[in-house]
Each structure stands twice: as C-alpha cells, then as structure tokens.
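A.B. asks: sequence and predicted structure, then a few things I'm wondering about:
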Amino acid sequence: MLSGTEIKTISIVGLGLIGGSLAKAIRHSHPDWQITGTDIEEKHLALALKEGVMDKGTTSLEEAVYNAQVIFVCAPVGAIPGLIKEIAAHAPAGAIITDTGSTKEAIVRTAMECLPPGVFFVGGHPMAGTEHSGYAASIPHLFENAYYVLTPLPSTPAWVINRLTSLLSSIGAIPLVMDPQLHDRIVGAISHLPHVVASALVNAVQEIDDPQHFKERLAAGGFRDITRIASSSPQMWRDISLSNRQRLVELIESTVRHLNAFCKYLDEGSADEIEDFFWRAKKFRDSLPRLQSQVLLPYHDLYVDIQDRPGIIGEIATLLGQHSINIKNLRIINSREDEPGGCLVLSLADAVSLEKARQVLTEEGYKTYVK
Ligand SMILES: NC(=O)c1ccc[n+]([C@@H]2O[C@H](COP(=O)([O-])OP(=O)(O)OC[C@H]3O[C@@H](n4cnc5c(N)ncnc54)[C@H](O)[C@@H]3O)[C@@H](O)[C@H]2O)c1
Ligand SMILES: O=C(O)C(=O)C[C@]1(C(=O)O)C=C[C@@H](O)C=C1
C-alpha cells in the first residue's frame, strides 16, 4: 500500500509536451522525488534522462507504474482509455491515476468501469499548452498560474483530491474541480471550437487566388494571433474533436449562425448591426478577468533562463534595445533563495517582436521558451 502521507514516486506515461513539462515542473519543485517516465518513442525517454528530468525511463508500462504513488497519463486522448485499463491492472494499491486529456467525459467513464478497489482516479486537464508537440518542446514553467481542471469520480476519496491538488499547487497551477460533462461543454467552446475555427480560417485563406504570394508576406499580427493554434498537432486535434464530437457540432452550427447573420448585415448594408456585432464581441473579450487574461496572453511572453548575477537583466534589456525590441513588462519567476538563477519573463508587444527577441537571445546563448 503506497498511500503514505508523503509522495515520493511519480510515473509519467507519455513524455511529450505535457508529460515532459510535468516532469520538469515536478523535478524542479521536488528534486528528491523519484520520477519514472514511459513513452512508445525512445527518443523522448533518452532526452529526458540526458537532461536529468527523470530517474528512470522505460518502454514497459508495467515497469513504469509498479511502485508509483501518482501516475500521470499524458498520451493522446484516443490512447488514454486503453492506457488507463492497462495501468489499472498493474498499479500498486493506493496509487492515484490521473490523466491530462483535453476531454473528460469518455475518459472518466472508462476509469469508472475498470478501476480495481484501492486504486484511485481523478481526471485532469491543464489549461495550458502550446502549438508544439513532443518532449523537446516541453517547458518547466508551463503550468505557472494556469488553471488545472480536476474531474474526480463520485467514488474518489477527498484525501486523493487533496493530495493531487497540493501537488498541482506546488508546481504553480491553480486546481479547479469540475464535473466532466460541464468541463467538456465549456472547454468545447473555449478551446476545441477555436481550434476548428482557426484551421477553417487558414484553409479558407490559403484557397484565395494569389499567384504572387502576397498573403504569406502580408500576414501580420491579426492573422497570426488568431491562427497560431492552427499549427497544433493534427493527430491530437483529430482525437479531441472526435471525443467531443456532438458538442462540437452544436458549437460550430452556432458559430455558422453568427457568420450568416453577419453576411445578412453586409448584404443589407446595416451599419448599426455590423457595429453591434463587433461591440458584443469586444465587450466580452475585454471583460475576461485579469488572471485569466494572463494565462491567455503568454503568446507574447518570452521565458528566459537566467543566472543569478548582478547586471544580467540589464544585459538582456540592452541587447533587445539594440535590436529595437521594446519590452512592455518583465518579471522573475521561480527565483528561490536556495537556488542560483531563475526565469525572466519578458512581455513583448506582439508575435513578431517575440520571435525576434527569441532569435536574438538564442544567438547570444540564452535558453528561451515560449508558452
Ligand atoms: N498540447 C497542449 O496544448 C495540451 C494542453 C493540455 C492537455 N493536452 C492533452 O495532453 C495530452 C498530451 O498532449 P501533448 O501535447 O503532450 O502531446 P504530445 O504529442 O507532445 O505527447 C504525447 C506523447 O505520448 C506518447 N504516446 C502516445 N501513445 C502512447 C502510449 N500508448 N504509451 C505511452 N506513450 C504514448 C507519444 O509518443 C508522445 O510522446 C493529450 O491528451 C492532449 O489532449 C494537450
Ligand atoms: O495555447 C495553446 O496553444 C493551446 O492550444 C492550449 C490549449 C487551449 O486551447 O487553450 C489547447 C488544448 C488543451 O487541451 C489546453 C490548452
């Protein structure tokens, strides 16, 4: 029975963007915990071991979970139910299984059906990510200030939820317990629908006749901001879309109704209706709470690992100034008294400045990340 009061052993199944970021965040906050990782791709295990992010890497799921107290299943949504069944058969008594899948209803249903007594399950979904995939894209600070939804089973004991909540808080996330159906309805609207709309927009734009390729050259802030997520993994979004298909169809139909209404205003030349369309959107977008907008805004935030020495921030600011890159704001996170260095977060005006800053700093040998 591994349900002691202290967590010491973690297993991460699927060491891609999210699994790798969890491993890095946990290693950073709890350097004495044993982290084991498993993946079907050995290259992810090799890199994580080389970077010292975990203690053991194996392609055997059974070996990866046999003594784990908390098991994070960070594989694609389509693979998670099968993995939960297999893990449930090998997890030690007292283990907590949790996943990071972007939909929750089907995954929670599987867990309810296959969990043996003495093994616990809490669905999970970090509301943080990027358009990149794989371990190489993982970021230690990804969960900092990000909501992390938890969907326990009706049978999940309170101590299990508390233990997971404490773990997630310790890596900077903000845990939020929700019902799986409500999660899929809301996240369908604020995450799944936008990914479909962004991809539809890119597909529509790429069909526009433009033999001289002006589109690519002129695509600036607006197009890039609204379509960044269209660069995400197509396989991942195939699985998510299918897993929330009914709700997604309804949400797409509702979006089409809004677009059709706008077409009608244009046909009729209804200036008031057109302006009102934009006002309604602006009011809601502007009203998003500050904390949430910080989570939504990392598009222009650049994270830079820095050493703890006098003048380092000045050097970075000067370097960017020399390249005419304006820093809107900066802050330091993960700075600890007992540890050298930390992470400097630079807020830049737009995606172009962010890319330029990243390039300049990388060329100077700084390690940078973009959420
Ligand atoms: N990318 C995001 O922004 C984001 C954010 C929150 C949650 N999620 C969810 O988290 C999960 C992981 O997403 P990601 O972005 O890290 O994807 P990813 O593609 O970067 O990583 C997935 C990893 O799982 C591995 N894998 C696949 N099948 C496996 C199996 N059977 N056993 C072990 N490993 C297996 C892959 O090799 C890969 O390394 C997905 O369910 C996704 O929906 C993603
Ligand atoms: O910022 C991004 O790149 C994301 O797409 C992250 C995002 C989102 O839609 O907010 C994507 C899927 C996850 O399930 C959670 C977060």
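C.D. replies: Looks like it came in fine. Numbers count the residues shown, from 1 in each chain. Ligands and ions are numbered 1, 2, ... in the order given.
A.B. asks: can you tell me the SS state at Glu6?
C.D. replies: coil (DSSP: H, G, I helix; E, B strand; the rest coil).
A.B. asks: let me see the contact set for it.
C.D. replies: Neighbouring residues of Glu6 by C-beta atoms under 8 Å, 6 or more residues apart in numbering: there are none. From N, CA and C alone the C-beta is placed, and that goes for glycine too.
A.B. asks: what helix or strand is Ile35 located in?
C.D. replies: Counting by DSSP states H and E, the element that carries Ile35 is strand 34-38.
A.B. asks: now for Phe121, which secondary structure element holds it?
C.D. replies: In the assignment (DSSP H and E), Phe121 maps to strand 120-126.
A.B. asks: residues contacting that strand, please?
C.D. replies: Residues from elsewhere that reach strand 120-126 (C-beta under 8 Å, 6+ apart): 18, 72, 84, 94-102, 104, 107-108, 111-112, 115, 142-143, 146-153, 156-157, 160-161, 164, 173, 180, 183, 187.
A.B. asks: repeat that for 6 Å
C.D. replies: With C-beta atoms under 6 Å, 6 or more residues apart in numbering as the test, strand 120-126 has contacts from 96-100, 104, 107-108, 111, 115, 143, 146, 148-153, 156, 160, 164.
A.B. asks: now stretch 314-331
C.D. replies: 345-347, 349, 353, 356-357, 360.
A.B. asks: just the closest of those residues to Thr255, please.
C.D. replies: If you rank these by distance to Thr255 using C-beta to C-beta, Ala349 comes first, at 29.3 Å.
A.B. asks: for that closest one, what are its contacts?
C.D. replies: By C-beta under 6 Å, 6+ apart, the contact set of Ala349 is 326, 328.
A.B. asks: how about a cut-off of 10 Å?
C.D. replies: The contact partners of Ala349, taken as C-beta atoms under 10 Å, 6 or more residues apart in numbering, are 221, 300, 325-328.
A.B. asks: identify the residues contacting Ile84.
C.D. replies: Shown in contact with Ile84 (C-beta under 10 Å, 6+ apart): 13, 71, 73, 75, 91, 97-99, 101, 107-108, 110-111, 113-115, 121, 123.
A.B. asks: just the ones in strands from those, please.
C.D. replies: 13, 71, 73, 97-99, 121, 123 (DSSP state E).
A.B. asks: those also near ligand 1: which ones?
C.D. replies: Restricting those to those near ligand 1 by C-beta under 6 Å from any ligand atom leaves Val13.
A.B. asks: next one: the strand holding Phe121 to chain centre, how far?
C.D. replies: Strand 120-126 sits 15 Å away from the centroid of its parent chain (C-alpha atoms, centre = their mean, to the nearest Å).
A.B. asks: all numbers from here: first residue = 82
C.D. replies: Got it, the first residue is 82 from now on, which makes the last one we talked about strand 201-207.
A.B. asks: would you mind listing what in this protein touches ligand 1?
C.D. replies: Neighbours of ligand 1 within the chain, by C-beta under 6 Å from any ligand atom: 94-100, 119-122, 125, 155-158, 160, 164, 181-183, 206-207, 210-211, 214-215, 314, 317, 321.
A.B. asks: how far does stretch 265-285 sit from the chain's center?
C.D. replies: Centre-to-centre, stretch 265-285 and its host chain are 15 Å apart (C-alpha atoms, centre = their mean).
A.B. asks: regarding it, how distant is the last residue from the first?
C.D. replies: For stretch 265-285, the separation between the terminal residues is 27 Å (C-alpha to C-alpha, to the nearest Å).
A.B. asks: got the contact list for Pro275?
C.D. replies: Residues in contact with Pro275 (C-beta under 10 Å, 6+ apart) are 307, 310-311, 332, 336.
A.B. asks: from the contacts of strand 201-207, which are also near ligand 2?
C.D. replies: Okay, of those, nothing touches ligand 2 (C-beta under 6 Å from any ligand atom).
A.B. asks: which of the contacts of Ile165 are buried?
C.D. replies: Buried members of those, counted by 16 or more other C-beta atoms under 10 Å: 94, 152, 154, 156, 172, 178-180, 182, 188-189, 191-192, 195-196, 202, 204.
A.B. asks: am I right that Pro235 is in a helix?
C.D. replies: No - counting by three-state DSSP, one finds Pro235 to be coil, located in no helix.
A.B. asks: so who does the closest residue to Ser141 other than its chain neighbours touch?
C.D. replies: Closest residue in space to Ser141, ignoring its immediate chain neighbours: Thr119 at 7.0 Å, by C-beta to C-beta, 6 or more residues apart in numbering. Residues near Thr119 by C-beta under 10 Å, 6+ apart: 92-96, 100, 125-126, 135, 137-146, 152, 156, 164.
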